[in-house]
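>>> return a 3D structure for these sequence lines:
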Amino acid sequence: MRLLWKTLPWLLLGLFGAEIIAVLAPKKDGAFHVREFARLPVLLNGRIQPLDSAARNSLLQIRSTGDVPLEEVPSWKFWHHAKKLKAAEWLLEVTALPEQADDRPIFLIHHPDLISELKLQDKGIEKSGLRYYTFNEIRSVAQEIIEQGQKAAEVKEELQTTYQKQVSKLAHAVFLYHRLKNSFRPEVSDDFAQELAGFRKDVSSLRAAARAGQTEKDFDKETLGRVEEAYTHFRGMAQSGYLLNVPPLNPEVVRDEWHSAGRSIMESIGGDDFHPAVTFFAKMSTAYRQQKAEEFNQAVAGYRQWLEPQFAKEVKKGRAEFYYNDLKAFPYAMRVYVLAFVLAIVALLAFDLWPNLSESLRRSAFYLIGLAGIVHTCGLVFRMVLEGRPPVTNLYSSAIFIGWGAMVLGLVLERIYRIGIGNAVASLAGFVTLVIAHNLALGGDTMEMMRAVLDTNFWLATHVVVVTLGYASTFVAGLLAILYIFLGLFTPILSQKLTQRSAAALVAVGTVAGGVVGAAAAGAVAAKAARRPGELDIGKALAKMVYGIVCFATLFSFTGTVLGGIWADQSWGRFWGWDPKENGALIIVLWNAVILHARWGGLIRDRGLMTMAVFGNVVTSFSWFGVNMLGIGLHSYGFMDAAFKWLMGFVGSQLLIISLGLLPLQLWASFRGRVTAPARADGAKGKPVPAPAGS
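Take a look at the predicted model:
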């Protein structure tokens, strides 16, 4: 059994490491080289991205998922992975086989009043309380959806009802779907490559007739009819096409003027030939529609060969971002964080009862968090390279970075302290923030172009990164405080004495986590504990950790806020304008300062410190998300009113935890039976007995 406990951490690490290797291994295409197609670059949302990203982000806007399930699997069969249509395959189906794509359940409608209004109660597929509909099922009410969406759009977003928001989103999804259908070929076309060739031939015939002196009345009626019909289709493509997949012919003059296929066709009607990109995409669409794999693969390869000489940078960007999408680093890290958190909690609960098991699980959690942290870091750095920006550019990236910072702080604490608390904090913070990031990504592209005022890498790398580290450290302090409260209430762990090794390590904890302000105080207590091991219990040590991290958070929050003021002065001509986001940042600084002053002044002890640190989670969440929901101010770039109920739920949970933290000590398992008065006389020896550390 002892051998099992020793090898378990390495077994788990090897298992998940092998999965990473499998993910990194090159993947082969099927008969159709869809993965090569997915790597091709397009211009969308102001940036070059692969078709895979364009398809994925479009599907997220329509269905709120990055792929389309091909089979329904009951929730209880969690081990069975349902077959799915990946984003690039779905895009090919939409553009080349729209009649088949129209039967895919991709339109998400979950408002009961809207479902009733559209008379869709008996249609669609229900899964996890949500209803998905095919285009064929909503085709008859598509125009009504568009009209209602236009009316809803006339109302300011912050004043819209939930019904109006839902119908507006659905109308956008229907319109986007229609635009995707017409991105590579007219929706009604059957053999677009042949139609382009036929159009060019017919136009040449009419020109020859005109040069021969014939008037329009003398033209061949059948030929003229085909030309007029094709022109109507091309004009529809130009008006509806979504993807800008046609690069400029003279990139050395202007490199960013990509056009839709429809617009390119309209601009070249009077010329001798169509743009090569239009021809290649027409061949791809026709070959995929006719299920001719070899012709499809030749068209994809031919277009890539045409692109590479003049658009090598764009081709490289498309391939790199496709690889980033294919890795799915953050979802993988999220799964590992969950398992690590479970192991960390079980290790804490077994701390006193089964020490060997506890240590094995603690080490397992630590190794897994390290592995997830590597994946998390690689995903973060990869994203930075793709954007050419520092790590924080929007709400999505801030969630990823805050989770990364909290994970690193938790690992540092665990590496030094080795009692499992750092593991719990690191894994929980990593998981929760990546869940938040996942939900923020449902709106579509997370690498959109920066607003002009934010297009400054220096300030993004200083103000934004520093203040975000302040967010992360404040959350870490709050998570440690939550652990203190739950462990104190339900377990005797807080009263356990530290070993000499753990007590001595407090010196390093004070130095690393305490920052400039807290290092001396925390370090002095730690040094005293190291000289006299056994006098400091885990609860008291946890309080020192929270104190040190609050010092760290105060320093970074204050510095980041000042840097933001300097940036505002340069960009907007004023250092401070009482903008909601500025107020939120200031509140974090003030709250952390209040905690420190209350501690220094003796107004609070350990439990008071913990409850105030938990309220720091409320303050930080408001500054991070709440001010964006107001929809006002110069910082309202990430308007997220849809998250309001989740924010309120989080605030409510924190207030509940604070109320638990204020329960009398007699109800705490870690302090039950101990003296709660400041001091009393010992009946046997007549000596004062100090109050427990948690009072």
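
>>> domain-wise, how is the protein divided?
Following the assignment in automatic domain parsing, the chain carries domains at 51-181, 192-319, 328-667.

>>> save the ones you listed as TSV, and put in mean neighbour count too.
Bear in mind the C-beta positions are built from the backbone N, C-alpha and C, glycine included. Listed next are the domains of the chain as TSV, based on neighbours: other C-beta atoms under 10 Å:
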stretch	mean neighbour count
domain 51-181	17
domain 192-319	17
domain 328-667	20
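
>>> list of residues touching stretch 227-242?
44, 58, 176, 178-183, 185-186, 188-189, 195, 198-199, 202-203, 206, 260-263, 265-266, 269 (C-beta atoms under 8 Å, 6 or more residues apart in numbering).

>>> re earlier: quick one: closest of the domains of the chain to Glu19.
Glu19 lies closest to domain 328-667 among the domains of the chain, at 7.8 Å (C-beta to C-beta).

>>> the closest one: how far from the chain's middle?
18 Å (C-alpha atoms, centre = their mean, to the nearest Å).

>>> average model confidence for that domain?
For domain 328-667, mean pLDDT is 79.

>>> same check on stretch 120-137?
Averaging pLDDT along stretch 120-137 gives 87.

>>> what's the span of it from first residue to last?
8 Å (C-alpha to C-alpha, to the nearest Å).

>>> just the residues contacting that stretch, thanks.
Residues from elsewhere that reach stretch 120-137, judged by C-beta under 8 Å, 6+ apart: 63, 72, 75, 101-110, 115, 138, 141-142, 174, 177.

>>> what's near enough to touch Phe16?
Applying C-beta under 8 Å, 6+ apart, the residues near Phe16 are 336, 368, 371.

>>> flag every buried residue along whichever strand or helix holds Thr7.
Assigned by DSSP states H and E, Thr7 belongs to helix 2-24. Using 16 or more other C-beta atoms under 10 Å as the test for burial, helix 2-24 gives 5, 8-9, 12-13, 16, 20.

>>> in TSV, list the residues you listed along with distance to Glu387.
As requested, the buried residues of helix 2-24 are exported to TSV (distance: C-beta to C-beta, whole Å):
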residue	distance to Glu387
Trp5	44
Leu8	39
Pro9	36
Leu12	33
Leu13	31
Phe16	28
Ile20	24
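
>>> of the residues you listed, just say which sits nearest to Val278.
The closest of the buried residues of helix 2-24, once distances to Val278 are taken by C-beta to C-beta, is Ile20, at 40.9 Å.

>>> residues touching the closest one, list them.
Ile20 neighbours (C-beta under 8 Å, 6+ apart): 332, 371, 375.

>>> hey, where'd the helices end up in the stretch 401-550 of the chain?
421-440, 457-459, 465-490, 500-504, 506-531, 538-572 (DSSP state H, counting those that start in this stretch).

>>> between the buried residues of helix 2-24, which is closest to Asp579?
Scanning the buried residues of helix 2-24 for proximity to Asp579, where the rule is C-beta to C-beta, the winner is Ile20, at 42.7 Å.

>>> and the pLDDT at that closest one?
On pLDDT, Ile20 comes in at 84.

>>> before we move on, what about the one 10 residues further on?
We have a pLDDT of 87 for Gly30.

>>> can I assume it sits in a strand?
No: assessed with DSSP: H, G, I helix; E, B strand; the rest coil, Gly30 is coil; it does not lie in a strand.

>>> from Ala293, how far off is it?
Between Gly30 and Ala293 the computed distance is 8 Å (C-beta to C-beta, to the nearest Å).

>>> so which of the contacts of stretch 227-242 are in helices?
Among these, the residues falling in helices (DSSP state H) are 58, 176, 178-181, 195, 198-199, 202-203, 206, 261-263, 265-266.

>>> and the spatially closest residue to Arg599 that is not a sequence neighbour, which of the three is it?
Computed as C-beta to C-beta, 6 or more residues apart in numbering, the closest residue to Arg599 that is not its neighbour in sequence is Leu609, at 5.9 Å. When classified by three-state DSSP, Leu609 comes out as helix.

>>> does Leu609 really touch Ala481, like I thought?
Yes: between Leu609 and Ala481 there is a contact under C-beta atoms under 8 Å: 7.5 Å.

>>> which neighbours do those two share?
Residues touching both Leu609 and Ala481 (C-beta under 8 Å, 6+ apart): Val546.

>>> okay, now the unreliable bits of the stretch 1-150 of the chain?
1-5, 73-81 (pLDDT under 70).

>>> look up how far Gly539 lies from the residue lying closest to Ala543 once chain neighbours are set aside.
Leaving aside its chain neighbours, Ala543 sits nearest to Asp606 (4.1 Å; criterion: C-beta to C-beta, 6+ apart). For Asp606, the distance to Gly539 equals 7 Å [C-beta to C-beta].

>>> over to Ile115?
Separation of Ile115 from Gly539 (C-beta to C-beta): 53 Å.

>>> same thing with Ala481?
12 Å.

>>> and the residue nearest the centre of this structure?
Ala437 (2.7 Å; C-alpha atoms, centre = their mean).

>>> that one against Phe401, yeah?
No: using C-beta under 8 Å, Ala437 makes no contact with Phe401, being 9.5 Å away.

>>> need the overlap of contacts for these two.
By C-beta under 8 Å, 6+ apart, no residue touches both Ala437 and Phe401.

>>> now do the contacts for the residue of the chain most remote from its centre.
Distance from the C-alpha centroid of the chain, by C-alpha atoms, centre = their mean, peaks at Gly213 (64.6 Å). Neighbour list for Gly213: empty [criterion: C-beta under 8 Å, 6+ apart].

>>> which secondary structure state does it sit in?
Under three-state DSSP, Gly213 comes out as coil.

>>> all strands for the stretch 51-200 of the chain, in order.
In the stretch 51-200 of the chain, the segments counted as strands under DSSP state E, counting those that start in this stretch are 68-69, 84-85, 107-109, 125-127, 130-133.

>>> can you redo these as TSV with distance to Leu380?
Formatted as TSV, those follow (distance: least, C-beta to C-beta, whole Å):
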stretch	distance to Leu380
strand 68-69	28
strand 84-85	26
strand 107-109	29
strand 125-127	32
strand 130-133	31
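
>>> now stretch 30-45 - C-alpha only, PDB.
C-alpha atoms of stretch 30-45 as PDB (Å, rounded to 0.1, in the frame of the first residue of the first chain):
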ATOM      1  CA  GLY A  30      -9.600  12.200 -44.200                       C
ATOM      2  CA  ALA A  31     -10.500  11.700 -47.800                       C
ATOM      3  CA  PHE A  32     -11.300  15.400 -48.000                       C
ATOM      4  CA  HIS A  33      -8.400  17.600 -46.700                       C
ATOM      5  CA  VAL A  34     -10.700  19.700 -44.500                       C
ATOM      6  CA  ARG A  35      -7.900  20.500 -42.100                       C
ATOM      7  CA  GLU A  36      -5.900  22.100 -44.900                       C
ATOM      8  CA  PHE A  37      -9.000  24.000 -45.900                       C
ATOM      9  CA  ALA A  38      -9.500  25.100 -42.300                       C
ATOM     10  CA  ARG A  39      -6.000  26.600 -42.300                       C
ATOM     11  CA  LEU A  40      -6.600  29.000 -45.200                       C
ATOM     12  CA  PRO A  41      -6.500  32.700 -44.200                       C
ATOM     13  CA  VAL A  42      -9.400  35.200 -44.400                       C
ATOM     14  CA  LEU A  43      -9.900  38.700 -43.200                       C
ATOM     15  CA  LEU A  44     -12.700  39.000 -40.600                       C
ATOM     16  CA  ASN A  45     -13.300  41.300 -37.600                       C
END
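
>>> now do the buried residues in it.
32-44.

>>> could you export stretch 50-61 as PDB, CA atoms only?
Taking Å, rounded to 0.1, in the frame of the first residue of the first chain, the C-alpha atoms of stretch 50-61 are listed here in PDB:
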ATOM      1  CA  PRO A  50      -8.000  30.900 -40.500                       C
ATOM      2  CA  LEU A  51     -11.300  29.700 -41.900                       C
ATOM      3  CA  ASP A  52     -11.400  27.400 -38.800                       C
ATOM      4  CA  SER A  53     -11.600  30.400 -36.500                       C
ATOM      5  CA  ALA A  54     -14.200  32.200 -38.700                       C
ATOM      6  CA  ALA A  55     -16.300  29.000 -38.700                       C
ATOM      7  CA  ARG A  56     -15.900  28.400 -35.000                       C
ATOM      8  CA  ASN A  57     -16.700  32.000 -34.000                       C
ATOM      9  CA  SER A  58     -19.700  32.000 -36.300                       C
ATOM     10  CA  LEU A  59     -21.000  28.800 -34.800                       C
ATOM     11  CA  LEU A  60     -20.500  30.200 -31.300                       C
ATOM     12  CA  GLN A  61     -22.700  33.200 -32.200                       C
END
